[in-house]
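>>> requesting a structural model of the entry that follows:
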Amino acid sequence: MDYIIRKANLDDREAIEQLIVESARKLSQEDYSEEQIEAAIKTVFGVDTKLIQDGTYFVAEASGKLIGCGGWSKRRTLFGGDQFAERDASELEPESEPAKIRAFFVHPEFARKGIARAILSRCEAEARAYGFRSLELMSTLPGIKLYQSCGYEGTERFELPVGGGVVLQLMVMGKELD
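Okay, the predicted model is just below:
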């Protein structure tokens, strides 16, 4: 399958939002209820404009269609799109704090074809070049297997209230860079 990975730009926001919604609704069904998925889309899953502005968010594109997205961050916010209230845009110290792996989603038609792994590899290389020695992420339950296969270890389970009494189970994971 032919696709390119490129840095996202602000013109990609609408297509990224659509990709996130499609990915969450289809690829999360085995791990989350419909109520959990819809609440997460409304309150947490979404575009983080700061990642695009920082030049650390990528999209995979095939035949003009976005088929995957994900990024890394030099900022403290661990997860959540623009609509998520608990955000901290202050910068991390690369020598002593982990870079954040953020907002990975793949279109359901292109799942399990190496796209997320390719974007993750690019993110890791850039974070390493920026001086980071470790990485941290907040994984959804469907993402845990991917991250484990790429050398990440779960450090703690996390329950995130997403409104209306609905809770989303997540996993904090980390990895040391070579």
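>>> so who does the residue positioned nearest the centre of the chain touch?
Compute the mean C-alpha point of the chain, and by Cα atoms, centre = their mean the closest residue is residue 103, 1.9 Å away. In this structure, residue 103 makes contact with 20, 45, 47, 48, 51, 57, 69, 70, 71, 79, 81, judged by Cβ atoms under 8 Å, 6 or more residues apart in numbering. No exception for glycine: its C-beta is placed from N, CA and C like everyone else's.
>>> can you give me the buried ones in stretch 89-102?
Residues 92, 94, 98, 99, 100, 101, 102 are the ones in stretch 89-102 that count as buried (16 or more other Cβ atoms under 10 Å).
>>> quick revisit: how about the secondary structure of the residue nearest to the centre of the chain?
Following DSSP: H, G, I helix; E, B strand; the rest coil, we place residue 103 in the strand state.
>>> how far away is it from residue 68?
11 Å (Cβ to Cβ, to the nearest Å).
>>> just residue 94 next, same as before
Relative to residue 68, residue 94 is positioned 26 Å away (criterion: Cβ to Cβ).
>>> how far is the helix or strand of the chain with the lowest mean pLDDT from where the chain is centred?
Scoring the helices and strands of the chain by mean pLDDT, DSSP states H and E places strand 153-161 at the bottom, with a mean of 91. A distance of 15 Å separates the centroid of the chain from that of strand 153-161, by Cα atoms, centre = their mean, to the nearest Å.
>>> what pairs with the next helix or strand after that strand, parallel or antiparallel?
Using DSSP states H and E, the helix or strand that follows strand 153-161 towards the C-terminus is strand 167-176. Here strand 167-176 is paired, per DSSP bridges, with strand 134-140 (antiparallel), strand 153-161 (antiparallel).
>>> can you show me the CA trace of the first one as CSV?
This points to strand 134-140. Written as CSV, here are the backbone C-alpha positions of strand 134-140 (Å, rounded to 0.1, in the frame of the first residue of the first chain):
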residue,chain,number,x,y,z
SER,A,134,12.1,8.9,27.2
LEU,A,135,8.5,9.0,26.1
GLU,A,136,5.1,8.8,27.8
LEU,A,137,1.6,8.3,26.5
MET,A,138,-1.9,7.7,27.6
SER,A,139,-3.3,4.7,25.6
THR,A,140,-6.8,3.8,25.0
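>>> assign residue 112 to helix, strand or coil.
coil.
>>> pLDDT at it, what is it?
Residue 112 carries a pLDDT value of 94.
>>> can you report how many residues neighbour it?
By the criterion of other Cβ atoms under 10 Å, residue 112 has 12 neighbours.
>>> please apply the same query to residue 44.
Close neighbours of residue 44, defined as other Cβ under 10 Å, add up to 23.
>>> please apply the same query to residue 150.
16.
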